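K.L.:
Return a 3D structure for these sequence lines:
(2 chains)
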Amino acid sequence: DGGITQSPKYLFRKEGQNVTLSCEQNLNHDAMYWYRQDPGQGLRLIYYSQIVNDFQKGDIAEGYSVSREKKESFPLTVTSAQKNPTAFYLCASSLRLAGAYEQYFGPGTRLTVT
Amino acid sequence: GDSVTQMEGPVTLSEEAFLTINCTYTATGYPSLFWYVQYPGEGLQLLLKATKADDKGSNKGFEATYRKETTSFHLEKGSVQVSDSAVYFCALSEGSRDDKIIFGKGTRLHILP
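P.N.:
Have a look, this model is predicted:
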């Protein structure tokens, strides 16, 4: 079955540590995205990528980094510079960046930093 | 810039009640419009979409009609079930090369048995 996987579902880290969230898709989609969701809030775009080896900052990129070395994979690193990293992180992909192409979402990773 | 405004929640209804969740948008061109649903602890899933004016998207008993004259895409369902309890997001995509999907803030729906 095609889809998006995110791992792990729950992640706990100590303050000051970098942490990398995994996102893999087997849908053969060109575009991939990372969003952050806080309780009772909508989605905020962190980074997105249209093609391999290319990515752009979203609305809240500070304190985060990404790579897109393979079409299937778009890992997100939450660095120690991110002031408030505890949140629910969602990865998504779409066939192309824009237009009528809907986004497919992974199940999310809940990150808790103490 | 483009934006999506949807009614604030939570919305609480009894089972079998009629549901409307309002969504209006601002866009410079001719966007595609979407409704996504998020069940507790999960990612979002596409519920329905419409790509041009007067199109009606429908799925699982939910419907929404693309109204260009009122820039609206309201979500409706004739008889809700407890299993419809979730957060619903309205979204638009302009379709140009560098544009991304813009999401509304979401509306939480509680259905009481």
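K.L.:
tell me, how many neighbours does residue 101 end up with?
P.N.:
All of this refers to chain A. 19 (other CB atoms under 10 Å in any protein chain shown). C-beta here means a position set from N, CA and C on the backbone, and glycine is covered the same way.
K.L.:
actually chain B
P.N.:
27.
K.L.:
what's the distance between it and B:Val11?
P.N.:
Distance, B:Ile101 to B:Val11, using CB to CB, to the nearest Å: 23 Å.
K.L.:
cool, and A:Ser22?
P.N.:
To B:Val11, A:Ser22 is 35 Å away according to CB to CB.
K.L.:
how about the residues of chain B near chain A?
P.N.:
Counting by CB under 8 Å from any CB of the partner chain, the residues of chain B lying close to chain A are B:32, B:34, B:36, B:41-46, B:49, B:51, B:89, B:93-101, B:103-106, B:108.
K.L.:
Select only the buried ones of those residues in PyMOL?
P.N.:
Burial among those is assessed by 16 or more other CB atoms under 10 Å in any protein chain shown; the matching PyMOL selection reads:
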select buried, chain B and resi 32+34+36+43+44+46+49+51+89+93+94+95+99+100+101+103+104+105+106
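K.L.:
Quick one: name the residues of chain A near chain B.
P.N.:
A:4, A:6, A:33, A:40-43, A:45, A:48, A:58, A:90, A:92, A:94, A:97-108.
K.L.:
could you pull out the helices for chain B?
P.N.:
With helices called from DSSP state H, chain B shows none.
K.L.:
Tell me which helix or strand in it has the weakest average pLDDT.
P.N.:
For chain B, using mean pLDDT, DSSP states H and E, the weakest element among its helices and strands is strand B:102-103, scoring a mean of 90.
K.L.:
what helices or strands is that one leaning on?
P.N.:
strand B:3-6, strand B:86-93 (3 or more CB pairs under 8 Å, 6 or more residues apart in numbering or on different chains; DSSP states H and E).
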